[in-house]
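Undergrad: Fold the following.
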Amino acid sequence: MRILFTAGGSPGNEAIYRKLTPLHNFWFADSDLDRMSSVIPDERKFLVPLVSDKNYYKKILAICIEKEIQILVPGIDEELLEMHKVFALIKKTSLFLPSQLFIKNMLDKYSSMNTLDKFNFPVPRTMRLHNANELDQYPLILKPRFGRGSRGIQVVTTAKELELFVELKKINNEDYICQSFKKGEEYTVQILNHKNMREPIIVPLKVLLKKGVTLTAEIDFDKDIIDLCLEVAKKFKENKIFNIQLIKCKDDNSINIFEINPRFSTTTCILPYIGIDPFKLDVNQYQQSDLRIYQGLKLNRNFTNDVR
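TA: Numbers count the residues shown, from 1 in each chain. Below you'll find the predicted structure:
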């Protein structure tokens, strides 16, 4: 397959390129070529404007036409809905994304928590920031209602801190939400589905170290987490891929979903290392039970110094 990734500097792309290049032709687009791994050859890199630039989508479309791209993998939250519009009539290029409705709902962190709660999925109590005083237990997590990664996340431990943040975000006209804090193990879970698959594939990674993005994680086929994520996958019936982030509490083993990313996650790069090619699914090949041999497989990201 001929595949183009946006967000070419994403930390998972180097692993995808190394592992799947024998099977696919890859290209990567980014607004800063220096952010892309030196493992990826220069001829496989495209410089594009920032996603906020009006010419961004024209450039991506031009690359897809030039390279006869069959699969486009968008990696930036701000572009996901627009990509659906731009490529609606481009039959030769398939978007590796869930549906527009799912994306729209999940990008809104307030709406997504309300939707999950409505379907009786476990989520932390979530309020708009101006109603945060209704959450009277501390600490609390504050995060942008719309935003990617761990950008802008704050932890407040007292009512006075919360009051100051409410005023600050009001002055800056920033739309924030507030969630109750749950202490426990964080997981990032890959949900891979296809309309012809008997069951979605669920790959949970326990996060061991995180600084904005996950730096170290290991596969942990926790039955409770798999069962919950399978329920979510069956409820929404989304094709392609999405990512669930959750906390398993140490005190009572309860699970709380705190975010869903409706796109290819940086940690999805582990899939080829457990024998799964997400771009060429043999719907009869994969069984969830067969993956248990990879229990404890670790993803570890180290910084490298590239001087050129």
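Undergrad: Give me the local confidence score for the closest residue to Ile103 other than its chain neighbours.
TA: Nearest non-adjacent residue to Ile103, counting by CB to CB, 6 or more residues apart in numbering: Pro262, 4.4 Å away. To be clear about C-beta, it is placed using only N, CA and C from the backbone, and glycine gets the same treatment. Looking at Pro262, its pLDDT is 96.
Undergrad: just for the protein, where's the confidence low?
TA: Counting by pLDDT under 70, the chain shows low-confidence ranges at 149-150, 196-197, 281-286.
Undergrad: Could you list the domains of it?
TA: 2-96, 125-180, 183-300 (automatic domain parsing).
Undergrad: Quick one: closest of the ones you listed to Asn114.
TA: Of all these, domain 125-180 sits nearest to Asn114, with 7.4 Å by CB to CB.
Undergrad: before we move on, back to that, I'd like the domains of the chain as a markdown table, with distance to Lys109 appended.
TA: Listed next are those as a markdown table, based on distance: least, CB to CB, whole Å:
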| stretch | distance to Lys109 |
| --- | --- |
| domain 2-96 | 11 |
| domain 125-180 | 5 |
| domain 183-300 | 7 |
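Undergrad: Tell me which of the ones you listed sits nearest to Tyr110.
TA: The nearest among the domains of the chain, by CB to CB, is domain 125-180 at 4.9 Å.
Undergrad: what about the strands in the stretch 51-200 of the chain?
TA: Ranges of strands in the stretch 51-200 of the chain, per DSSP state E, counting those that start in this stretch, are 71-73, 94-95, 126-128, 140-144, 154-156, 176-180, 184-193.
Undergrad: Dump the ones you listed into TSV; add distance to Glu82 and mean neighbour count as well.
TA: Output for the strands of the stretch 51-200 of the chain, formatted as TSV (distance: least, CB to CB, whole Å; neighbours: other CB atoms under 10 Å):
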stretch	distance to Glu82	mean neighbour count
strand 71-73	12	23
strand 94-95	11	17
strand 126-128	26	18
strand 140-144	19	21
strand 154-156	29	16
strand 176-180	23	23
strand 184-193	23	21
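Undergrad: Include distance to Ile65 when you put the ones you listed into JSON lines, please.
TA: Listed next are the strands of the stretch 51-200 of the chain as JSON lines, based on distance: least, CB to CB, whole Å:
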{"stretch": "strand 71-73", "distance to Ile65": "12"}
{"stretch": "strand 94-95", "distance to Ile65": "14"}
{"stretch": "strand 126-128", "distance to Ile65": "42"}
{"stretch": "strand 140-144", "distance to Ile65": "35"}
{"stretch": "strand 154-156", "distance to Ile65": "43"}
{"stretch": "strand 176-180", "distance to Ile65": "40"}
{"stretch": "strand 184-193", "distance to Ile65": "28"}
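Undergrad: how about those strands, which one is nearest Lys45?
TA: Nearest of the strands of the stretch 51-200 of the chain (CB to CB): strand 71-73, 14.9 Å.
Undergrad: Partner strands of that closest one, with direction?
TA: If you go by DSSP bridges, strand 71-73 pairs up with strand 2-5 (parallel), strand 94-95 (parallel).
Undergrad: what distance separates the start and the end of stretch 17-24?
TA: Chord length of stretch 17-24, first to last residue, is 9 Å (CA to CA, to the nearest Å).
Undergrad: got the buried residues for that stretch?
TA: For stretch 17-24, burial by neighbour count (16 or more other CB atoms under 10 Å) applies to 17, 20, 24.
Undergrad: With stretch 192-203 instead?
TA: For stretch 192-203, the neighbour count (16+ other CB under 10 Å) marks 192-194, 197, 200-203 as buried.
Undergrad: Which parts of the stretch 151-300 of the chain are helices?
TA: 159-171, 223-236 (DSSP state H, counting those that start in this stretch).
Undergrad: go on, the stretch 1-150 of the chain?
TA: Assigned by DSSP H, counting those that start in this stretch, the stretch 1-150 of the chain shows helices spanning 13-20, 56-66, 80-86, 100-107, 109-118.
Undergrad: for the fourth one, packing partners?
TA: Right, the one you point to is helix 100-107. Judged by 3 or more CB pairs under 8 Å, 6 or more residues apart in numbering; DSSP states H and E, helix 100-107 is in contact with helix 80-86, helix 109-118.
Undergrad: Contacts for the first one next, please.
TA: Outside helix 80-86, the residues within contact range by CB atoms under 8 Å, 6 or more residues apart in numbering are 57, 60-61, 72, 74, 95, 97, 100, 103-104, 107, 262-263.
Undergrad: and if we set it to 7 Å?
TA: With contact meaning CB atoms under 7 Å, 6 or more residues apart in numbering, helix 80-86 is reached by 57, 61, 74, 95, 97, 100, 103-104, 107, 262-263.
Undergrad: Show me how far that helix is from its chain's centre.
TA: Remark: helix 80-86 is offset 17 Å from the chain centroid, using CA atoms, centre = their mean, to the nearest Å.
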